[in-house]
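> my questions are about this predicted structure, shown below with the sequence.
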Amino acid sequence: MATPRKVFINLAVGDLEKSKAFFAALGFGFHLKCTNDEAACMVLGEDGNVMLLTESTFKRFTQLPLADPRRQTECIVSLTCETRAEVDEMFGKAIAAGASQAMDAQDHGFMYCRGFYDLDGHHWEFFWMDPASLQ
């Protein structure tokens with residue numbers, strides 16, 4: 001079995017304070033020791049974090065130009081929920097905090113998801129998967 005790893009997703013944001021407020025409205029917290037005026041470490045869980053980086057800070061970590069997530073899909077960040085109802089609840093919080101809907105809800109029976117674009121256009125989704133489908 002492979003060594004378990006922690007994941008840090010790095011995203012460039014146009015306004016760090018607005019992005020922090022947006023994700024706080026969805027119920028996410030931040031590691032204060034890893035947060036300053038250039039970056040915020042948003043906690044997804046014990047092994048997952050999202051580094052929200054100002055564009056100038058993000059550019060220090062790559063030689064390639066930044067993608068414009070409002071014009072191209074750079075990735076889809078998918079977060080699990082315990083129930084279908086939680087998917088709808090979290091999606092509702094995102095929309096209320098200023099997100100826009102990415103697609104209609106996707107119901108595959110064993111999996112249910114709802115996607116949205118955050119304030120910078122990054123594509124996120126909340127999803128539920130029937131645990132029985134994994135066995």
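It's in.
> tell me where this structure has helices.
According to DSSP state H, the chain carries its helices in the segments 16-25, 55-59, 84-96.
> how about the ones you listed, which one is nearest residue 8?
With Cβ to Cβ, the closest approach to residue 8 among those belongs to helix 55-59: 12.8 Å. Every C-beta, even on glycine, is put in place using the N, C-alpha and C of the backbone.
> quick check: buried residues in that closest one?
Using 16 or more other Cβ atoms under 10 Å as the test for burial, helix 55-59 gives 57-58.
> do stretch 127-135 as well
Buried, per 16+ other Cβ under 10 Å, within stretch 127-135: 127-128.
> next one: stretch 70-86
Buried residues in stretch 70-86, counted by 16+ other Cβ under 10 Å: 77, 79, 81, 84.
> with pLDDT and distance to residue 103 added, can I get these in CSV?
Formatted as CSV, those follow (pLDDT from 0 to 100; distance: Cβ to Cβ, whole Å):
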residue, pLDDT, distance to residue 103
77, 96, 15
79, 95, 16
81, 95, 17
84, 96, 16
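> picking up where we left off before, indicate which one of the helices of the chain is closest to residue 35.
Nearest to residue 35, of all the helices of the chain, is helix 16-25, at 8.0 Å by Cβ to Cβ.
> thinking again about what came up before, save the helices of the chain as TSV, and put in distance to residue 119 too.
Below are the helices of the chain laid out as TSV (distance: least, Cβ to Cβ, whole Å):
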stretch	distance to residue 119
helix 16-25	5
helix 55-59	13
helix 84-96	10
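> isn't residue 77 up against residue 50?
Yes - in this structure, residue 77 is within contact of residue 50 by Cβ atoms under 8 Å, at 7.3 Å.
> what's the closest residue to residue 25 other than its chain neighbours in contact with, if anything?
Leaving out its chain neighbours, the residue that sits closest to residue 25 by Cβ to Cβ, 6 or more residues apart in numbering is residue 97, at 3.8 Å. Taking Cβ atoms under 8 Å, 6 or more residues apart in numbering, we find residue 97 in contact with 21-22, 25-26.
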